[in-house]
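Colleague: prediction below, plus the sequence it came from.
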Amino acid sequence: MAAGTTAWAQSPNLQELLRRGQSALDAGDYARAAASFELARQIATDNLEANRGLILSYLQSGRLQEATQIGEQAVARWPRDAQLQHWLGLAYFKARQNDAALAALQKSEALDGARFDIHFDVALLLLEQNQSRAAADELEKAVKLQPSHALAHLLLGRAYQNTNRTLQAVPQFQTALRADPNIPLGHYHLAFAYASLGRNSEAIAQYDKERVRSPDNPQVLYQLGHCLLESGRLEEAVGILKKATELDPANPSSAYDLGKALLLAGNTRAASAALQRAIALGPSDPSPHYQLARALEKMGMTDQARQEWQRFADLKKAQPETGGMATGRTQ
């Protein structure tokens, strides 16, 4: 009779702790959630809900060692629980144990292949490992399950772009922007895809939209300036590239494009200074030497120009063969 009474008394207490833990999780109070689930697990070590809640609380609060420890115990007890495998995989991922993370996430995926979040997290891990083609496969499954998820479409576009499938990337970026017009760098990625296809006017329009959202992002400004330069809009290119070099003075590409734009605009002295800066930042790149030689010739400095032509030739010769593919920049 006493044992039965004790069990009856514990049951409501357990349920109340589980309720409190879930409420705290929903509110983002992960420390309070962990405290409730810890007590619940002490009362009922084999309660699946208590173990799930405790792992998630530890995971969300950054207590990765504890999340991993409890997760490993839990998956040993419930090896076919997709949620436990998923959260254990995330704990490994956040702890930079990528091989263990991928194994756990793939187990989770095998147990429940209809979960968007599992495919999405597998893709994030694969992107982290520069496995863009495999990541694209996961993201294709993810967007079928949640067609309106803007970030999944954006990442799928990036995975396509990284695997030379730019034509497929463009509609993914467009879909992401329709789903969330304010998604960070959405216009930037669409612009980059357009530029990769030689569609510079469309790229410039998208970079301009991104610039409204990120006026001081040096990479956005550099890419916009590069497209303006490629389109022959030299005055605009010079202004944008000057700002890009001010915001990121260590970027040799910005310095090179600024020098090239200034040279084409007829400002040879300023071009020479920018190109010398590009050479200092990227000493193995032959292209700035080519442009600097042209600038020096225009200024009548033939001996110095000859030296730059020779440096250009030497560096060009030192570049590895690429089976007929062009190396470096187009001069």
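Modeller: Yep, it's here. Just so you know, these numbers come straight off a predicted model, no measurement behind them.
Colleague: now the end-to-end length of stretch 191-209.
Modeller: 9 Å (C-alpha to C-alpha, to the nearest Å).
Colleague: how about low-confidence regions in the stretch 201-331 of the chain?
Modeller: 321-331 (pLDDT under 70).
Colleague: how about a cut-off of 80?
Modeller: For the stretch 201-331 of the chain, the stretches flagged by pLDDT under 80 are 320-331.
Colleague: what about Gln168, which SS state?
Modeller: Taking DSSP: H, G, I helix; E, B strand; the rest coil as the rule, one finds Gln168 in the helix state.
Colleague: hmm, I was thinking of Ser284
Modeller: Using three-state DSSP, the structure places Ser284 in coil.
Colleague: nearest residue to it other than its sequence neighbours?
Modeller: The shortest distance from Ser284 to any non-neighbouring residue, by C-beta to C-beta, 6 or more residues apart in numbering, is to Leu315 (6.5 Å). Just so you know, the C-beta spots here come from the backbone N, C-alpha and C atoms, and that holds for glycine as well.
Colleague: please report how far that neighbour lies from Ala74.
Modeller: Per C-beta to C-beta, to the nearest Å, Leu315 is found 58 Å from Ala74.
Colleague: the two: which is more packed in?
Modeller: Ala74 (24 against 18; other C-beta atoms under 10 Å).
Colleague: ok, the more buried one to Leu145 distance?
Modeller: In terms of C-beta to C-beta, Ala74 sits 25 Å off from Leu145.
Colleague: can you give me phi and psi for Ser284?
Modeller: Main-chain dihedrals, Ser284, degrees, to the nearest 10: phi -90, psi 0.
Colleague: kindly tell me how buried it is, as a neighbour count.
Modeller: For Ser284, using other C-beta under 10 Å, the count is 10.
Colleague: got the contact list for Leu88?
Modeller: Contact analysis of Leu88 by C-beta atoms under 8 Å, 6 or more residues apart in numbering lists 55, 67-68, 71-72, 74-75, 104.
Colleague: helix or strand for it, just tell me which one.
Modeller: Assigned by DSSP states H and E, Leu88 falls within helix 82-94.
Colleague: ok, Glu297 next?
Modeller: helix 287-298.
Colleague: and what of Gln310?
Modeller: Gln310 is part of helix 302-318 when elements are defined by DSSP H and E.
Colleague: got the buried residues for that helix?
Modeller: For helix 302-318, burial by neighbour count (16 or more other C-beta atoms under 10 Å) applies to 304-305, 308-309, 311-312, 315-316.
Colleague: which residues touch it?
Modeller: Helix 302-318 has contacts (C-beta under 8 Å, 6+ apart) with 284-287, 289-290, 292-294, 296-297, 327-328.
Colleague: same thing but 7 Å
Modeller: Where contact means C-beta atoms under 7 Å, 6 or more residues apart in numbering, the residues beyond helix 302-318 that reach it are 284, 286, 289-290, 292-293, 296-297.
Colleague: next one: stretch 150-158
Modeller: Under C-beta under 7 Å, 6+ apart, the answer for stretch 150-158 is 120, 123, 127, 136, 139-140, 142-143, 146, 169, 172-173, 175-176, 179-180, 183, 186, 189.
Colleague: do stretch 131-138 as well
Modeller: With C-beta under 7 Å, 6+ apart as the contact definition, stretch 131-138 has outside contacts at 119, 122-123, 126-127, 156, 159-160, 162-163.
Colleague: tell me the buried residues in that stretch?
Modeller: 131-132, 134-138.
Colleague: can you check stretch 100-118 too?
Modeller: For stretch 100-118, a neighbour-count test (16+ other C-beta under 10 Å) marks 100-102, 104-105, 107-109, 111, 115, 118 as buried.
Colleague: mind saving the C-alpha coords of it as PDB?
Modeller: Presented in PDB, the C-alpha positions along stretch 100-118 are these (Å, rounded to 0.1, in the frame of the first residue of the first chain):
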ATOM      1  CA  ALA A 100      30.200  12.100 -35.000                       C
ATOM      2  CA  ALA A 101      27.700  14.700 -35.800                       C
ATOM      3  CA  LEU A 102      27.100  13.500 -39.400                       C
ATOM      4  CA  ALA A 103      26.800   9.900 -38.200                       C
ATOM      5  CA  ALA A 104      24.100  10.800 -35.700                       C
ATOM      6  CA  LEU A 105      22.200  13.100 -38.000                       C
ATOM      7  CA  GLN A 106      22.200  10.500 -40.800                       C
ATOM      8  CA  LYS A 107      20.800   8.000 -38.300                       C
ATOM      9  CA  SER A 108      18.100  10.500 -37.400                       C
ATOM     10  CA  GLU A 109      17.400  11.000 -41.100                       C
ATOM     11  CA  ALA A 110      17.100   7.200 -41.700                       C
ATOM     12  CA  LEU A 111      14.600   6.900 -38.800                       C
ATOM     13  CA  ASP A 112      12.500   9.800 -39.900                       C
ATOM     14  CA  GLY A 113      13.000  11.100 -43.500                       C
ATOM     15  CA  ALA A 114      10.000  13.300 -43.500                       C
ATOM     16  CA  ARG A 115      11.300  15.900 -41.100                       C
ATOM     17  CA  PHE A 116      12.400  19.200 -42.600                       C
ATOM     18  CA  ASP A 117      14.700  20.200 -39.700                       C
ATOM     19  CA  ILE A 118      16.700  17.000 -40.000                       C
END
